[in-house]
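A.B. asks: fold the following and give me the result.
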Amino acid sequence: MRLQTAKREGRLALMCRHYQIYLLLLPTLTYFLLFKYAPMYGLQMAFRNYNTGLGIWNSAWVGLKYFERVLARPYFYQVLSNTLTISLTSLIVGFPLPVLFALMLNEMRGGFWKKTVQTVTYAPHFISTVVVAAMVTIFTSPNYGIINKFIELFGGTAVNFMMRPSCFVPIYVISGVWQNMGWNAIIYVAALAAVDPALHESAMIDGASRLQRVININIPCVLPTIIVMLILQTGSLLNVGFEKVFLLSNDAVLERSEVISTYTYRIGITGAQFSQSTAIGLFNSVVQFIMLVLVNTLSRRLSETSLW
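C.D. replies: Numbering: from 1, shown residues only. A predicted model of the protein is given here:
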């Protein structure tokens, strides 16, 4: 008992001695408390028959009624399928490319060309999603789009890509890769910069080629970073961005473009079904949390690298 008391007093004395460091945590803690945890008060709307006139506390408690209603709708499973299709395609195509790009960028020796490539590939990340959606619409236009101009140049017929359901996922993924590949590579470039040059020098003395050094030195050194990023992206598979899907979607492609975020918007904001939309959002969050825990546990057992 005395030992535990002494430890607590020691921790308190340490915190008092370095109080400036703990003060730096206050803005972050305040942000999370106000904008992340406080809004969780509204989650109980998923379990109540919410009425704007009565408020949350005075609305009738209905338990899991809205969860059962959501899961009983066949259309919800189509929305879930669309969300997983877009997320998995983005993960399979978009995750390896920044890693490969960082490895190639790390091998560039010319300072000017390396900085130029970095600037050109990082810049699209700062373009607004609205602008990107407008660019995609213009480029794929059947009347004046540059893609259809090339198709017609080689004797083909113009295609209205934005009105074809089968084209929505490729358009979404390709535009996302173009916008974010360079930016997502930054963390891998930073990890590669931390690789000990002595490892490369020893390998060169042993006669290893550049490709062999990349495979046997660079990739193993950056692998923990790759695993952590993969865990984070896998844990957010159901979190497809609302803005871009909403801007690129139309009635003709709704069967492929409707995802959980846009479905929640239509149900909750447009349809004023607040309790049902909250139930959908809560279901989405719980599933994502479970996926994150499962992937993290699997990674810890297979590679000894994990988030916690």
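
A.B. asks: residues near the closest residue to Val222 other than its chain neighbours, how many?
C.D. replies: Nearest residue to Val222, sequence neighbours excluded (Cβ to Cβ, 6 or more residues apart in numbering): Ala191, at 4.5 Å. Where C-beta positions appear, they are placed from N, C-alpha and C, glycine not excepted. For Ala191, the neighbour count with other Cβ atoms under 10 Å is 20.

A.B. asks: correct me if wrong: Ala191 contacts Leu223.
C.D. replies: No. Here Ala191 lies out of contact with Leu223, judged by Cβ atoms under 8 Å, at a distance of 9.2 Å.

A.B. asks: in what helix or strand does the closest residue to Ala193 other than its chain neighbours lie?
C.D. replies: Leaving aside its sequence neighbours, Ala193 sits nearest to Asn106 (Cβ to Cβ, 6+ apart; 7.8 Å). Per DSSP states H and E: Asn106 is located in helix 96-107.

A.B. asks: distance between that helix and the chain's centre?
C.D. replies: Chain-centre distance of helix 96-107: 19 Å, with Cα atoms, centre = their mean, to the nearest Å.

A.B. asks: off-centre distance for the following helix or strand past that helix?
C.D. replies: Using DSSP H and E, the next helix or strand after helix 96-107 towards the C-terminus is helix 111-122. Mean C-alpha position of helix 111-122 versus that of the full chain (Cα atoms, centre = their mean) differs by 25 Å.

A.B. asks: for stretch 42-58, same thing?
C.D. replies: Counting by Cα atoms, centre = their mean, stretch 42-58 comes out at 30 Å from the chain centroid.

A.B. asks: what segments of the stretch 151-300 of the chain are strands?
C.D. replies: Counting by DSSP state E, counting those that start in this stretch, the stretch 151-300 of the chain has no strands at all.

A.B. asks: show me where pLDDT drops low in it?
C.D. replies: Regions of the stretch 151-300 of the chain meeting the criterion pLDDT under 70 are absent.

A.B. asks: what residues are shared contacts of Ala191 and Leu223?
C.D. replies: Common contacts of Ala191 and Leu223 (Cβ atoms under 8 Å, 6 or more residues apart in numbering): none found.
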